[in-house]
Every structure is written in structure tokens, then in C-alpha cells.
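Q: no sequence for this one, just the structure:
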């Protein structure tokens, strides 16, 4: 039970950060502003990338907290962070202005929690309610 509670706390913490970043792309900057920022950073297909990042971060963060579709969500969030790492942050080094420490930590945490998110999840509730195959 301690492992499950620790995984839940991890999912909540990481999920909140993803939600905040996704929400920021929709509300603070707007998707047009996010796409312009992405274009300035050299992100390919900046409008499509802005939509992808905003949706994956916002919805993925919420699903991560709930523990729903965990493996898929973990992979999508990790891919989102991998793109940010390679395209934007890697040239800046690990630490300092524009460094990749946050995207690295978020990406690997999302991947780990996606496959090891504990049993206090919506996924587990759904599996429990499904009738056993005959």
C-alpha cells in the first residue's frame, strides 16, 4: 500500500506540472503565441506541435493523476519531453537558462509512472469491474 500511495503522490506531482504547462499554452500564450514561440525555437510544424504539446500536457497530466490509460499517457508525455529536449533544450546543457534538466526529469518520470503507477488508478478500477473471460 505504501508503494501505491507513493506512486499516487508521484503521479499527482508530475501531473500537476504537466497540466500547468499545457494550460499555459492554451490560456497565457494562446495556441497562436505558442506556435510563434515554437517557430522561433526551430520546432518543426510549429502550429501542429503547439496543439500536440498543449493537448498532451493538459490532458495527459490529468490522465496521469487519475491513473487512466497510463502506459499510453506515459509514452506520449515522454515523447513530448523528448522532442523538447532534442529540439530546444539540448544545446543549452543540463543546467542553467534553457537547460534540459526539467524536461528530462518530467519525461522519465512520466514514462516510469506510466508503467509503474501503482494500483490506486482508474485503470485498475476499470479492470476490476470487467467480467472475467470464460
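A: Yep, it's here. Treat the numbers as computed from the prediction; the structure is a model and nothing was measured.
Q: Identify, by residue count, the longest helix of the chain.
A: The residue-count maximum for a helix in the chain (DSSP state H) belongs to helix 2-27.
Q: chain center to it: distance?
A: Put simply, helix 2-27 sits 8 Å off its chain's centre (C-alpha atoms, centre = their mean, to the nearest Å).
Q: After it, heading C-terminal, what element do we hit next?
A: helix 30-40 (DSSP states H and E).
Q: could you say what helices and strands that next one packs with?
A: Counting by 3 or more C-beta pairs under 8 Å, 6 or more residues apart in numbering; DSSP states H and E, the packing neighbours recorded for helix 30-40 are helix 46-66. C-beta: built from backbone N, CA, C; applies to glycine.
Q: Would you pull up how far the helix it packs on lies from the middle of the chain?
A: 7 Å.
Q: what angle do that helix and helix 30-40 make?
A: Helix 46-66 and helix 30-40 meet at an angle of 120 degrees, taking axes from the mean of the first three to the mean of the last three C-alpha atoms, to 10 degrees as the criterion.
Q: Check which helices and strands helix 46-66 is in contact with.
A: Short answer (3+ C-beta pairs under 8 Å, 6+ apart): helix 46-66 packs on helix 2-27, helix 30-40, helix 70-84, helix 101-115.
Q: Please consider this matter closed, and thank you.
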